[in-house]
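> Using only what follows, build the 3D model:
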Amino acid sequence: MNPKFKIPRKKNVKKSTKSKVVSNTKKIKELVKSVNASVENKIQKLTGVYVDAPKSQQPSFTGPLYLYNACLGTGASTWLGPQGTPNFTDLQGFTWGQGVGSDQRIGRYLFLKHTTMNMRIGMNSVPKMVCPTQFRIVVFKAKRNAAFGSSGGNPNADLFLNNDGTAIGVNVASAVETRTFEFMNMLVNKRNYEVHTDKKIILQPSNVTVQGSASIVTPFSTKYPPEATFQFKLPHNTKAAFPPGNFGEPLDLNYQYCVQVIAAPLGSTTAAADDWHISFRGTVSCVDS
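Residues are numbered from 1 along each chain as shown. Prediction:
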């Protein structure tokens, strides 16, 4: 082709996207800032609990198993324990009244983020038995198909599964010789419950009482620590609707985490594992828009 009639090609110049990215980033930051300005983070405390008298598993037997139950919000009246009465301590934290305070809500909706629950288990300073105490701590909540309440299950009756796969709980008494081993090792009933934590610890006080003598420190008693502390971060991450009116717990929301602590003597099938105390503290975090 004659160079005279040749049309020169234009070079494709890449357009810079840097300015576009900067512009989009600025818009996103402004949007986030405007959203944050329209919401408010709020915190409500759980009920502070200190208990130094755990419950016996059997109404007419002083050993070996003792236990303590607690739950977020308010426990159902149908959660009957071994003595035939409700035994879940209500930690509350989910009754948000109307208002503009840091523990109140505006409107009928809150976005629940998480609950931080601190738990401490400690041995009594002057115990009645020398052998250490083993604990099993289970933090759980019911699945939707086994919701708590009048139409749902009772963790005291069906939190665990025996070797036959049958639901069993602390309400069911087994042979004294095998009771400690069974409740420390049975599987949690995951057909009905979501398990957040299932762990075991062994504690013993530093001082032991010897008959006819003052309290002394023995080598055996210093093998295990006298107390243990735990912090559980229990996620919710969901929008909750509240009933009309000023007060009330969330509607149709599976927020109710529970904890069951079972204590048994280590190395004995007859000693009463009741030489311990337990305490709870915590907060519920949410966003109010």
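> For this structure, just list every one of the helices.
With helices called from DSSP state H, the chain shows them at 18-37, 155-158, 176-185.
> Can you flag the weakest of the ones you listed by average pLDDT?
Across the helices of the chain, helix 18-37 has the smallest mean pLDDT, namely a mean of 61.
> Which parts of the stretch 51-200 of the chain are strands?
Assigned strands in the stretch 51-200 of the chain, in chain order: 55-56, 66-71, 88-90, 97-98, 104-105, 109-123, 133-142, 160-161, 167-168, 187-188, 193-203 (criterion: DSSP state E, counting those that start in this stretch).
> so which of those strands is the most packed in?
strand 66-71 (a mean of 24; mean count of other CB atoms under 10 Å). (Glycine included, C-beta is placed from N, CA and C.)
> Any chance you could list what contacts it?
By CB atoms under 8 Å, 6 or more residues apart in numbering, the residues outside strand 66-71 that reach it are 49, 51, 54-57, 75, 79, 81, 87-91, 155-156, 170, 256-264, 272-274, 276, 278, 280.
> Distance of residue 76 relative to residue 179?
With distances taken as CB to CB, to the nearest Å, residue 76 is found 26 Å from residue 179.
> And for residue 137?
Counting by CB to CB, the gap from residue 137 to residue 179 is 18 Å.
> thinking again about what came up before, any chance of the strands of the stretch 51-200 of the chain in CSV, plus distance to residue 44?
Formatted as CSV, the strands of the stretch 51-200 of the chain follow (distance: least, CB to CB, whole Å):
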stretch, distance to residue 44
strand 55-56, 28
strand 66-71, 16
strand 88-90, 14
strand 97-98, 10
strand 104-105, 9
strand 109-123, 10
strand 133-142, 19
strand 160-161, 32
strand 167-168, 34
strand 187-188, 29
strand 193-203, 20
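> Can you say which of those is nearest to residue 232?
Closest of these to residue 232 is strand 109-123, at 4.7 Å (criterion: CB to CB).
> Okay, now the sheet partners of that closest one, with direction.
With DSSP bridges as the test, strand 109-123 is paired with strand 227-241 (antiparallel), strand 276-288 (antiparallel).
> Pick the most deeply packed of those strands.
Compared across the strands paired with strand 109-123, strand 276-288 shows the largest average neighbour count, a mean of 19 (mean count of other CB under 10 Å).
> Taking strand 66-71 as reference, get the angle to it.
10 degrees (axes from the mean of the first three to the mean of the last three CA atoms, to 10 degrees).
> Compute the inter-axis angle for strand 276-288 and strand 133-142.
Interaxial angle, strand 276-288 versus strand 133-142 (the same axes, to 10 degrees): 30 degrees.
> worst-scoring helix or strand of this protein, pLDDT-wise?
strand 216-217 (a mean of 52; mean pLDDT, DSSP states H and E).
> Show the contacting residues for residue 44.
Per CB under 8 Å, 6+ apart, neighbours of residue 44: 93, 94, 96, 103, 283, 284, 286.
> repeat that with 10 Å
92-97, 101-105, 110, 115, 282-286 (CB atoms under 10 Å, 6 or more residues apart in numbering).
> Same question for residue 103.
42, 43, 44, 45, 93, 95, 96, 97, 283, 284, 286.
> Return the per-residue confidence for it.
85.
> any idea how far it lies from residue 89?
20 Å.
> And residue 50, by the same measure?
11 Å.
> What residues does residue 118 make contact with?
By CB under 10 Å, 6+ apart, the neighbours of residue 118 are 46, 229, 230, 231, 232, 279, 280, 281, 282, 283.
> now the closest residue to the second one other than its chain neighbours, which residues is it bridged with?
Residue nearest to residue 229 in three dimensions, not counting chain neighbours: residue 120, with 4.7 Å by CB to CB, 6 or more residues apart in numbering. Taking DSSP bridges, one finds residue 229, residue 279 as the beta-bridge partners of residue 120.
> Residue 120 against residue 230, yeah?
Yes - here residue 120 reaches residue 230: they are 7.7 Å apart, a contact under CB atoms under 10 Å.
> In contact with residue 180, which residues are there?
63-65, 134, 174, 262-269, 273.
> With pLDDT and distance to residue 161 as extra columns, can I get the residues you listed in CSV?
Output for the contacts of residue 180, formatted as CSV (pLDDT from 0 to 100; distance: CB to CB, whole Å):
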residue, pLDDT, distance to residue 161
63, 67, 24
64, 87, 21
65, 91, 18
134, 95, 20
174, 74, 13
262, 96, 15
263, 95, 21
264, 93, 19
265, 91, 24
266, 89, 24
267, 81, 26
268, 80, 26
269, 78, 22
273, 89, 23
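> Make a ChimeraX selection of whichever of these turn out to be buried.
Only the buried entries of the contacts of residue 180 go into this ChimeraX selection, using 16 or more other CB atoms under 10 Å:
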select :63,64,65,134,262,263,264,265,266,268,273
